[in-house]
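K.L.:
following is a predicted model, sequence given first.
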Amino acid sequence: MALTIGQKSERVLRFLRGLSHPRVASALAAHGFSQADWDEGWQLLQTASGRWLLREQPTRAPDPTVIEELDAWENRWFPVAEATLRRRKPEVADKVFLNLAQTSGIEVAVSVSTFVQRLHQLEKDGGAAGPDALALLKTRGLTEDVLKQAELLLKKFGSVSFTPPATLDPEEAQAMRQKAEDELWAWYTEWSTIARNAIHNGTLLRMLGYLSGGKPSDEAPEDEPPPPPTTTQLTTRTATPG
């Protein structure tokens with residue numbers, strides 16, 4: 001089953017976070033990985049997800065309590081906002097919740113940042129629909145203070161900003177999203193393959209998102225090609241009779 005853009009974004013986000021570890025960065029540097037490649041990965045992720053992640057990332061994993069608070073915020077306000085807008089402002093609901101759903105884990109920061117950014121964008125949209133929708137949401141409790149709570153949590157998480165996207169024709173936007181997604185996955189596939197061939201330390205591989213439950217796995221994640229055989233593997237295969 002093909003991965004969604006949300007699943008791909010989360011996988012790339014984990015990978016990029018893992019690359020901030022000096023030992024991981026050093027291992028890939030031996031294969032030509034540079035600051036330009038790092039910047040390219042972040043830029044592609046920003047474009048493909050449409051969720052404007054910052055390049056400046058902490059060198060440690062995000063505080064799990066912050067993720068839990070973001071998840072609680074999302075679980076409370078996403079249903080309230082969607083139920084309200086679907087009934088009373090369906091055209092605004094379509095815009096706010098386009099390709100957006102409740103998530104969990106690290107990806108919750110991406111979904112919450114997208115939601116908050118789109119609500120901010122409503123203030124700048126022409127006509128009365130956007131401001132009217134925001135006023136309606138305030139009566140449901142989704143006030144500016146509540147939005148600021150989310151922004152503070154996102155700032156703690158250290159991975160998002162709120163630069164609004166340009167307004168595009170829907171078909172043009174879809175084509176651009178697909179192109180960006182393809183380019184992101186090509187970048188990830190290249191460096192992921194190199195990383196899994198160059199790094200054999202279980203702790204470092206877990207940082208990159210490959211191992212679960214503390215046990216190594218020889219299987220590549222779904223929709224991801226296996227790494228090329230190592231020199232040792234090639235030598236062993238060549239020496240094996242038959």
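P.N.:
Looks like it came in fine.

K.L.:
does Leu3 sit in a helix, a strand or a coil?
P.N.:
Three-state call for Leu3 (DSSP: H, G, I helix; E, B strand; the rest coil): coil.

K.L.:
what's the answer for Leu100, then?
P.N.:
Per three-state DSSP, Leu100 ends up coil.

K.L.:
tell me the pLDDT at the spatially closest residue to it that is not a sequence neighbour?
P.N.:
Nearest residue to Leu100, sequence neighbours excluded (C-beta to C-beta, 6 or more residues apart in numbering): Thr114, at 5.8 Å. Yep, even glycine has a C-beta here, placed from its N, CA and C like the rest. With respect to pLDDT, Thr114 scores 85.

K.L.:
report how many residues lie close to Thr114.
P.N.:
Using other C-beta atoms under 10 Å, Thr114 has 22 neighbouring residues.

K.L.:
and what of the one 3 residues further on?
P.N.:
For Gln117, the neighbour count with other C-beta under 10 Å is 20.

K.L.:
show me what the longest helix along the chain is packed up against.
P.N.:
For the chain, the helix with the greatest residue count under DSSP state H is helix 170-198. Contact here means 3 or more C-beta pairs under 8 Å, 6 or more residues apart in numbering; DSSP states H and E; on that basis helix 170-198 packs against helix 5-19, helix 22-29, helix 35-49.

K.L.:
returning to what we had before: which helix or strand contains the residue nearest to Leu100?
P.N.:
Using DSSP states H and E, Thr114 maps to helix 107-124.

K.L.:
that helix vs helix 5-19, what angle?
P.N.:
Counting by axes from the mean of the first three to the mean of the last three C-alpha atoms, to 10 degrees, helix 107-124 lies at 120 degrees to helix 5-19.
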